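# Just to be clear, the model below is a prediction. Sequence and coordinates:
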There are 2 protein chains.
Amino acid sequence: MSKNTAGGTRSGIREVAELAGVGIASVSRVLSGQPGSSAQMTERVMEAARQLGYTPNLLAQSLRRRSSRSIGFVCSDITNPLLSSIVSGAESVLTKAGFSILLTNSGGVASVDAERIELLQQRQVDGLILLPALENDPATLALLQRSETPMVVIDRSLPDSIDAHYVLSDHYTGVSQAAHVLLSAGHRRLGLVVGRDVRPTRERIRAVEDSYRAMALEPELHIDSGTLCAEHGEQAMERLLDMTPAPTAVILGGNQLLEGALRVIRRRGIQLGRDLSLVCCDDVALSRLFEPPIATVMRDNVRLGQRAAQLLLDQLQTPHSSEAELLPTWFELRASCGPVPE
Amino acid sequence: MSKNTAGGTRSGIREVAELAGVGIASVSRVLSGQPGSSAQMTERVMEAARQLGYTPNLLAQSLRRRSSRSIGFVCSDITNPLLSSIVSGAESVLTKAGFSILLTNSGGVASVDAERIELLQQRQVDGLILLPALENDPATLALLQRSETPMVVIDRSLPDSIDAHYVLSDHYTGVSQAAHVLLSAGHRRLGLVVGRDVRPTRERIRAVEDSYRAMALEPELHIDSGTLCAEHGEQAMERLLDMTPAPTAVILGGNQLLEGALRVIRRRGIQLGRDLSLVCCDDVALSRLFEPPIATVMRDNVRLGQRAAQLLLDQLQTPHSSEAELLPTWFELRASCGPVPE
DNA sequence: TTGAAAGCGATACCAA
DNA sequence: TTGGTATCGCTTTCAA
């Protein structure tokens, strides 16, 4: 309806210059806050810009400056509260620094990761924050290798040939604490449900295995790997509980597994903390209010995103060689863990 | 490390033209898939582009085409699973159509909404999907009024003077169903916890009040309004339970309230479904596995985002005047609702 | 201090 | 069918 009433076509820098009766370059200088303009010039330009309701075209600005002040964020599924917290942390830091976020979901499909990264690069993002589905997808690796876009990779470890910075969670410590508590309580047969072969998965497995060794015990560990969704949690839990003898304690290596696992537990009338001990990695809403509360390997997801963003900003300002930052995880013991049954 | 080894500076369309020994315009034509190029020309250009590893600069393309094929998404907090589902739904539709998403969190601060919208417009987004914190923030309304960017507003209703499309949830129906169940079970004193004065809040209040009327009952409704976070849920629940007489059933008008409300319920040793009936609007992970399961007013959040994106795409293709789409909500009765105590 | 002019990397008109 | 050229809106020398 109200199409071209007031300003008509969105006014550009030329109109401002004309109205102010000055050169186009001066307008640019004043409006982008560069020094070297008389007070009078500043005044005139500001006034003209205000009158016209002028706002700069950042596309043109970016093209000319060769910097878009935007960064691309590639993750598998923003619906996962873990990821949305990370995005949120990154967004706050980046926005504060004047950057915008281009968000993309890959759906956990490695080939889509590569497509999205390429698209973002075509959009000339100044940097990338990546949480790739896999660590060894050929297409993605090839792309990243010849890429010159600064990037920070979260919770993955890519080949040295790729020039990336890393923000990693110290999954090893948190899971070690959990395993130690379980083994100390007398549990010997443990179940561990994990995702694909990426760093967190490997660290969690290593943590549990080392925990057996640290107590001079022979590992009786059953690893069930899949894709870290509720369905996998459900199926894995059924497989584990159907074993004879079945594990007396299970560690879920991912928040999304919990819902599925709890469905099985509910269905079978299992009482957590008595019939079975359960630990979940990464917090889930309400898991602390559950009866019994679910013991959890915690970490600060928002911080993870903030640090990733900050590392990227640092890298943009003063490029330096690859480095990795390790962020803590810790085990919160809750009543879903108990003694060995019988 | 591996800086300018292979291609050196990212090659542009000129290099491709030169290598192929053709004009720059022809390259553009071939690469953007326009008709009117001989098979031979197509061949030569494609080959040259491949050899150089050429990828187009979408910034330049957007500037010239006056269309960035990107859309801005403004919401309060991506950390809220409701919002992340909406974003996810929108992202999938938009990505499929070749659009990118610029995501921004306003933190629920109305003045920030306006700033973010302006920034996105400067970035020349082709459209906006908005979930503003308030419906009457002067700065935001003024901005939207003079804006010519097509937009879809989710779950808010803005003044007619603003040319927007809407995707709305039919909160009225779901909450009516819930209220009807509670009143039919004999509950008379109801508590309703709501957020700020926006459409969903008004619809929920109206639904409960109408439900009393429909059964020819005198409303004994206690409304506690705040900001839809866990803390508000906690405080509101304490206020409601401290009343004499206290409500025998409470409806929480937002998912984030549940955690806080449950903390109070746990702390006071209240047994849901027996001492108190509880309904939550919008699903929360695990709430169905809770003991007792939490009765919930459901809706399809992903669909909400998908429809918003689709409406925006429709509008971009063939502009038409403001319209609104209403998406269903429905009540799922679960054991957190029971008879009136005593 | 100011402004004219040359790009940034693409598209699109128009003449050949 | 092809290619030269003006242009998108801005930044940035460079000379005045």
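Received it, and whenever you're ready, just let me know what you need. Numbering: from 1, shown residues only, chains lettered A, B, ... in the order given.
# What is the burial count for the closest residue to DNA strand C within the stretch 151-300 of chain A?
For the stretch 151-300 of chain A and DNA strand C, the shortest gap (CB to the nearest atom of the strand) falls at residue A:151, measuring 20.3 Å. (Each C-beta comes from the backbone N, C-alpha and C, glycine too.) Residues near residue A:151, counting by other CB atoms under 10 Å in any protein chain shown, number 26.
# right, is stretch A:292-301 up against chain B?
No. Stretch A:292-301 stays clear of chain B (CB under 8 Å from any CB of the partner chain), getting no nearer than 9.0 Å.
# helix, strand or coil for residue A:192?
Assigned by DSSP: H, G, I helix; E, B strand; the rest coil, the conformation of residue A:192 is strand.
# and it, how many neighbours?
Residue A:192, neighbours per other CB under 10 Å, totals 27.
# again, but for residue A:313
For residue A:313, the neighbour count with other CB under 10 Å is 20.
# picking up where we left off before, pretty sure the residue of the stretch 151-300 of chain A closest to DNA strand C sits against residue A:125.
No. Taking CB atoms under 8 Å as the definition, residue A:151 is not a contact partner of residue A:125, at 9.6 Å.
# Identify each buried residue in stretch A:179-186, please.
Along stretch A:179-186, these residues count as buried under the neighbour rule (16 or more other CB atoms under 10 Å in any protein chain shown): A:179, A:180, A:181, A:182, A:183.
# mind checking how far residue A:49 is from residue B:279?
Residue A:49 sits 53 Å away from residue B:279, taking CB to CB, to the nearest Å as the criterion.
# Residue A:183: helix or strand, and which one exactly?
helix A:171-184 (DSSP states H and E).
# same question for that helix, mean pLDDT?
For helix A:171-184, the mean per-residue pLDDT is 98.
# Pull the residues that contact that helix.
A:190, A:199-200, A:203-204, A:206-208, A:210-212, A:214-215, A:217, A:249, A:251, A:253, A:277, A:279, A:281, A:295, A:297-299, A:328-331, A:333, A:337 (CB atoms under 8 Å, 6 or more residues apart in numbering or on different chains).
# just stretch A:225-238 next, same as before
Here stretch A:225-238 makes contact (CB under 8 Å, 6+ apart) with A:108, A:191, A:193-197, A:201, A:224, A:250, A:252-254, A:256-261, A:263-265.
# from those residues, which ones fall inside strands?
A:191, A:193, A:194, A:224, A:250, A:252 (DSSP state E).
# So residue A:114 sits against residue A:143, correct?
Yes. Counting by CB under 8 Å, residue A:143 is a contact partner of residue A:114 at 5.2 Å.
# So between these two, which is more surrounded?
Neighbour count, other CB under 10 Å: between residue A:114 and residue A:143, residue A:114 has more, with 21 against 17.
# Can you tell me how far that one is from residue A:145?
12 Å.
# Which single residue of the stretch 201-342 of chain A ends up nearest DNA strand C?
For the stretch 201-342 of chain A, CB to the nearest atom of the strand, closest residue to DNA strand C: residue A:316, 18.1 Å.
# Where does that residue fall, secondary structure wise?
Applying DSSP H and E, one finds residue A:316 within helix A:301-317.
# From the contact counts, what lies against that helix?
Judged by 3 or more CB pairs under 8 Å, 6 or more residues apart in numbering or on different chains; DSSP states H and E, the packing partners of helix A:301-317 are helix A:81-96, strand A:127-130, strand A:151-154, strand A:165-169, strand A:324-327.
# Sounds good, over and out.
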